[in-house]
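**Q** have a look at this prediction, sequence included:
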Amino acid sequence: MKKTKLGEFEELVLLAVMALRKEAYGVAIKRELEERMGELLSVGSVQSALKRMIEKGFLTSEWAEAEKVRGGRRKRIYQVTSQAQEVLQEMKDIRASLWTTIVNVQNA
Amino acid sequence: MPESKLRKEATEPPLWPLRIIRRLVRSEYLEEIEGDMIEEFHYHVEKYSLKRAKYLYTRELIKVLRTNLLHKFLENQKLNSMGTFIHYVKIAFRNLRKHRVYSSIKIGGFSIGIAISLLICLFVREEIKVDRHLAEKPIYKILYKSDRPDRAYRSVSVPPVLAPSLKKDYLDVRETGRILVFDGFGDAGGNLFRPADQQTSIYEEKFGYADQSIIKMLDFKLVYGDAATALAEPFTMIISDSKAQKYFPDEDPTGKVVYINENLEQPYVIKGVYQDLVNSHLRSVDFFFTLSGKEFWRNEQTSWCCYNYLTFIELEPGTSESAFRAKLKSIHDNYFVTYEKDSDPKYAELIEEHNTLDMQHVADVYLHSKDIYTFLALGDVRIVTAFGAIAFFILLLACMNFVNLTTANSAQRSREIGLRKAVGSGRSGVMQQFLIEAEVLSVISVILGASMAWLSMPFFNQIVGKTIVFPYGEPLFYLLLAAFSIIIGLVSGIYPALYLSGIKAISVLGGQLKISGSGQGRYLRSTLVVFQFAISMFLIIGAVIVYKQMSHILNRDLGYSKDQVLMVHGTGTMQEQTMKTFREELENLPEVVSLSMSNSLPVEGTHRNGNMFWKEGMKNIEEGIAGQFWRADDNYFETLGLTIQQGRPFSNELASDSISVVINEAMAEQLGLDDPVDAYVENWGKWKVVGVVKNFNFDHLKEDIRPLLIARTRSADLMAVKIQANDIQSTVAKIDRLWESMNPKQAIRLSFLDQRFEAMYEEVTRTRTIFLAFAVFALIVACLGLTGLSIYTVAVRTKEITIRKVLGASVQTLLRLLTFEYLKLVLLSMVFAMPLAWFVAQGWLEDFSYRIPQIWDAFLLGAVVLILVAAMVVSFQSIRAALSNPATGLRDE
């Protein structure tokens, strides 16, 4: 957590990649997030976040097959690294413990 | 099938966004991003519509602009040229540092020039801006014009009834409006002002009258009140925002009752507050009374007799200006000639032949009213043009200097170029280098110059008496500066770039090419030096002449004594008995030499009028002469130190002196009175001349002295008090106390005649200072240029000088050798500048009726100053070279 900061959108992208497993490529991630967030995203913003996270070492990627609907271009499938999983878990824990405190205070 | 083909094509994404994206996005990401975009496009076509899909697809063009997706411009193949660019900039700065003195002269001179011309341009812009917002509207000021051969004139004053008549009788006139700003007419000019709920009256300088329609026509912006009705009712007024802030801070003053000159019987109601008229020729007016229901005397509003009103008309849209202009003569005859036919048929004939109406667009009023007296402080297009020309010339001077020094200096660098070429630089590389260097210098200079202008803005404002704001917030301003610096960089860099890039490596490195200041370059430089000094010379001569003319005006013999004369204003507000006591008490003070009551004193802002005068019995036979009709008491002549040349002053004691008057020499002369004393003079009455006063200046000193008649009076609104020279402070305090004991409600209003006088000539003094400053700066810029050039020459000729010295040349010989070259150029520049300066000066001086008798001394002075300064600058460098130890010069290689 200390070493690398994770933005809100970046965290969501990472989680989407994890949720999509083998199907985690650009458009799929974008649509997953659009559906859950209820807003329209752009290819540019999603791609930018993905590339940023590769630089930070949270994601790895490899080419997959080309498709006709993509104008014959290949997909790139993303996968989270163990470092990313750690960071995500850590964030979740911090949030959970904070929420517990909040609930306790409210109940008291 | 064509239809299905169409559909198929239609569902394909457009190609052009991808083409652009390919140029921007890193190639390794392209395939994936393109794929995503195409996939999403098809998906969106299904989900929404083709239009929306296309929109979202194209929108990616912007969305894709993220630094981590784009090419790294500094790291790919473009890196090389960027690197060279940085290298050139670096070299430019190293060169700057290496030739510190030279560079600072170059940049210093250029930035001073930029700063000055920038300031002047801002001033000019401020002046041109006035009333420009009305330029598109068909609004004109009506002028009354006469082309009588002996006294052609144009005047802004027309009868009050003209405006309503025009609106009623002429369909092309959509709206008319009148303004009255004639000082002393009704309450126009200065008045005491007091809101009903406040205690003391305060004197305010500038009141005027206006019609309701003026608010809309001249586009007054109301802060408070209703623009459609603010002046619609009698005894209402509108005031400027700054005055509203002064009297009613942070509140809405509409509906407030105010008293003018302590007149409690007729209060006024404030109905509106208008934004200060900063961009209007009416900007000096802070208070407008309404003209609605106003009549200054019986039937005044419906009479064609008297010419006192400024009249504005707005034409119907679509009416052509020239068509209406063509009608003006018939309009004039229709109204004016018809009126005069009843009262004075002879005069009617005269005006039918010579007089007409004229009109001037409202946007031209501020700068183009030189020959028309308007009772307002206006600008002058001649000053603006002169300033503009000076700005241009100083800038030109600075630019030439800059170009000159750049080219001179670059010749020293041929060896560097040779080496560059030897290790593989092409011609274009060398050109680039010199252009970039010139750009760097010009950008630095422009930034420096703009900062200097910015810093000296308050000082400059003080000199020109304006409140110009530096245009920080205007993008166009920065754009212009940027464009300017790039252009100057190009101009100054292009010559050395072309010339030096042609140098062959072998010839330089082999030592064949001479790097002296000879050849083409020298001619260019010489031409520029001549041109520069011609401009400097021109500016110096011009400034000296302006300075002399202005001093000449200021030192003119006034014919009266303005020192230690106190003016006590507003004495008319006192009761008659109080006034008498006040006067007696004052006269009893030992410090008071004498005092006099008169509304007219020989400074601006006191009462003036226009009258026609005739010799006895010549009225209705001859044309009269125009003159002033003043009233004063018998102490007037003593108090102002006027000289009675013939006869005697009238006396307030003699009952028989009720029609006795004193006239000035100008009137006696113009009326052709050979023996004025005991002659009779007529205007609307008949007056007996008992004395002739020596001409004294009561108008602006630029003008000739006009005819004047002074008749007797006892009381007036203005008192002139001549006091002893010692301890003026305590005298003023005594008068102040005396006033307060008699007139506690109203604060005393005092001014000194000599201060009023100075204020009147502030403009003249200001012009004098400005032109002097210009001349000094022009000289500085030119000298910096010359210094730079002589440093360069000496540097180039060091070896020659040392060898001459070794061979026995004396210091004098060397000095002559080094200095004469430049002095010759300076002399040559005079040959060009002097005739031009003489020509322009003659034209300028023609406008002054009272002007300096000769101007050759200005030329002499200019020449001497220029030669001396140039000689000093050049010989300073030369002496250093001539005195230097030959060993240092020879050791160089």
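**A** On my side now, so go ahead.

**Q** near chain B, which residues of chain A?
**A** With C-beta under 8 Å from any C-beta of the partner chain as the criterion, chain A meets chain B at residues A:26-27, A:30-31, A:40, A:42-48, A:51-52, A:55, A:67, A:69-71, A:73-76. Using the backbone N, CA and C atoms, a C-beta is placed for each residue, glycine as well.

**Q** which of those residues fall in strands?
**A** Members of the residues of chain A next to chain B lying in strands (criterion: DSSP state E): A:67, A:73, A:74, A:75, A:76.

**Q** weed out the non-buried ones from these.
**A** A:73, A:75, A:76 (16 or more other C-beta atoms under 10 Å in any protein chain shown).

**Q** list the helices and strands the helix or strand containing residue B:480 packs on?
**A** Under DSSP states H and E, the secondary-structure element containing residue B:480 is helix B:475-501. Secondary-structure packing of helix B:475-501 (3 or more C-beta pairs under 8 Å, 6 or more residues apart in numbering or on different chains; DSSP states H and E): helix B:381-410, helix B:414-422, helix B:427-464, helix B:520-554.

**Q** could I get those helices as a markdown table with distance to residue B:215, mean neighbour count and mean pLDDT?
**A** Formatted as a markdown table, the helices and strands packed on helix B:475-501 follow (distance: least, C-beta to C-beta, whole Å; neighbours: other C-beta atoms under 10 Å in any protein chain shown; pLDDT from 0 to 100):
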| stretch | distance to residue B:215 | mean neighbour count | mean pLDDT |
| --- | --- | --- | --- |
| helix B:381-410 | 28 | 22 | 79 |
| helix B:414-422 | 70 | 17 | 81 |
| helix B:427-464 | 30 | 19 | 88 |
| helix B:520-554 | 39 | 21 | 81 |
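
**Q** and residue B:214, which of those is closest to it?
**A** The closest of the helices and strands packed on helix B:475-501 to residue B:214 is helix B:381-410. By C-beta to C-beta, the value is 24.6 Å.

**Q** re the thing from before, could you export the helices and strands packed on helix B:475-501 as CSV, including distance to chain A?
**A** Output for the helices and strands packed on helix B:475-501, formatted as CSV (distance: least, C-beta to the nearest C-beta, whole Å):
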stretch, distance to chain A
helix B:381-410, 46
helix B:414-422, 41
helix B:427-464, 35
helix B:520-554, 55
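
**Q** the helix holding residue B:480 vs helix B:381-410, what angle?
**A** Interaxial angle, helix B:475-501 versus helix B:381-410 (axes from the mean of the first three to the mean of the last three C-alpha atoms, to 10 degrees): 40 degrees.

**Q** now do helix B:475-501: distance to the chain's middle.
**A** 29 Å (C-alpha atoms, centre = their mean, to the nearest Å).

**Q** what mean pLDDT does the biggest helix by length in chain A get?
**A** If you go by DSSP state H, chain A has its longest helix at helix A:82-107. Per-residue pLDDT over helix A:82-107 has a mean of 88.

**Q** now do the buried residues in that helix.
**A** For helix A:82-107, burial by neighbour count (16+ other C-beta under 10 Å) applies to A:84, A:87, A:88.

**Q** out of those residues, flag the one nearest to residue B:494.
**A** Comparing the buried residues of helix A:82-107 against residue B:494 with C-beta to C-beta places residue A:84 closest, at 58.1 Å.

**Q** surely the closest one is in contact with residue A:13?
**A** No: applying C-beta atoms under 8 Å as the test, residue A:84 and residue A:13 come out as separate, 10.3 Å apart.

**Q** overlap in contacts of the two?
**A** Listed as contacting both residue A:84 and residue A:13 by C-beta atoms under 8 Å, 6 or more residues apart in numbering or on different chains are residue A:53.

**Q** show me the contacts for residue B:670.
**A** B:625, B:627, B:707.

**Q** residue B:189: which of these is nearest?
**A** Using C-beta to C-beta, residue B:627 is the member of those that lies nearest residue B:189, at 21.2 Å.

**Q** check the gap between that closest one and chain A for me.
**A** In this view, residue B:627 and chain A are 84 Å apart by C-beta to the nearest C-beta, to the nearest Å.

**Q** sec struct for that residue, please.
**A** Using DSSP: H, G, I helix; E, B strand; the rest coil, the structure places residue B:627 in strand.

**Q** what does residue B:692 give?
**A** Three-state assignment for residue B:692 (three-state DSSP): strand.

**Q** can you get me a residue count around it?
**A** Residues within reach of residue B:692, counting by other C-beta atoms under 10 Å in any protein chain shown, total 21.
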